[in-house]
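Chemist: here is my input, please return the structure:
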Amino acid sequence: MVERTVGVEGDAVERVLDAARRCCERWGRNKVTVDDIAAEAGLSRATIYRIFPGGKDNLFEAMRQRGTEDFFVNLSASLGGAASFEDLIVQAVMNATRALRDDEHLRLMLASEPGDVVHELTVQGLPVILRVATEFLTPWFAPHIGEERSGELAEYLSRVVLSYFLAPSVHVDLSDESSATQFVHRFVLPAFSGLPAGRP
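Modeler: The predicted structure follows:
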């Protein structure tokens, strides 16, 4: 999980990350420079390098991690009303898919640099996505299937949601509650239910 620094330093980090996000939306990630981000944030180039010593690569990695964490914070907040284990999984995949589709930043980046976005959501960013998904979703799933199985389920659902988001299917629409319920009933529950909590 991304460590959020509080106080003046933390404010500067958030300011830089917000500026980097706006610059990426405006020009595309490959064209953005540290000077662009500094100007957008109203900070000096030296300040950017002091906060992110590795320069643009470290800054973009921090932006990726913050975005992933924020995504799962919001997703977790949507799971409180689930009536059962099956409903919990349905709500997770449905709300995650809807959030991806409604993400304006992601839409703009897919339009301008689709190859980079796909790489970030699969090869480069996937380890972060899976780690954060496990951290946030395990407490929801663990009462039903135990912590170890919960980590497996969080990873599986993350891969499924990303796959169907990046390559939509004519058979499955995980943003639709009926379709998501059918998918979970047929493919997820047979693998992740029926075991006492705590058993691997």
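Chemist: for the helix or strand hosting Ala133, packing partners?
Modeler: In the assignment (DSSP states H and E), Ala133 maps to helix 126-145. For helix 126-145, the packing partners by 3 or more C-beta pairs under 8 Å, 6 or more residues apart in numbering; DSSP states H and E come out as helix 56-77, helix 85-102, helix 147-166. Heads up, the C-betas are built off the backbone N, CA and C, glycines and all.
Chemist: any chance of these in TSV, plus mean pLDDT?
Modeler: Listed next are the helices and strands packed on helix 126-145 as TSV, based on pLDDT from 0 to 100:
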stretch	mean pLDDT
helix 56-77	89
helix 85-102	95
helix 147-166	93
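Chemist: what's the distance between Asp11 and Phe141?
Modeler: 35 Å (C-beta to C-beta, to the nearest Å).
Chemist: then Ile89?
Modeler: 8 Å.
Chemist: repeat for Val73
Modeler: Val73 is 17 Å from Phe141, by C-beta to C-beta.
Chemist: and the two? Which one has more around it.
Modeler: Phe141 (25 against 12; other C-beta atoms under 10 Å).
Chemist: quick one, what contacts the more buried one?
Modeler: Phe141 makes contact with 85, 88, 149-150, 153-154, according to C-beta atoms under 8 Å, 6 or more residues apart in numbering.
Chemist: ok, it to Glu152 distance?
Modeler: 9 Å.
Chemist: same thing with Gly146?
Modeler: With C-beta to C-beta as the criterion, Gly146 and Glu152 are 10 Å apart.
Chemist: kindly report the same for Gly67.
Modeler: From Gly67 to Glu152 the distance is 24 Å (C-beta to C-beta).
Chemist: of the two, who's got more company?
Modeler: Using other C-beta under 10 Å, the more surrounded residue of Gly67 and Glu152 is Gly67, with 20 against 16.
Chemist: tally of neighbours for Lys31?
Modeler: 12.
Chemist: pull the contacting residues for it.
Modeler: With C-beta under 8 Å, 6+ apart, Lys31 has no contacts at all.
Chemist: do you know how far it is from Arg64?
Modeler: 18 Å.
Chemist: now the helices and strands packed on helix 126-145 in CSV, with distance to Ile37?
Modeler: CSV is the format used below for those (distance: least, C-beta to C-beta, whole Å):
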stretch, distance to Ile37
helix 56-77, 7
helix 85-102, 25
helix 147-166, 27
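Chemist: which one of those helices lies closest to Leu174?
Modeler: helix 85-102 (4.2 Å; C-beta to C-beta).
Chemist: list the buried residues in the closest one.
Modeler: 85-86, 88-100 (16 or more other C-beta atoms under 10 Å).
Chemist: show me the two of those that sit farthest apart.
Modeler: Across these, the longest distance by C-beta to C-beta is 23.2 Å; it joins Phe85 and Leu100.
Chemist: tell me the contacts of the residue nearest to Val32 when sequence neighbours are not counted?
Modeler: Closest residue in space to Val32, ignoring its immediate chain neighbours: Cys23 at 4.5 Å, by C-beta to C-beta, 6 or more residues apart in numbering. Neighbour list for Cys23: 32, 36-37, 40 [criterion: C-beta under 8 Å, 6+ apart].
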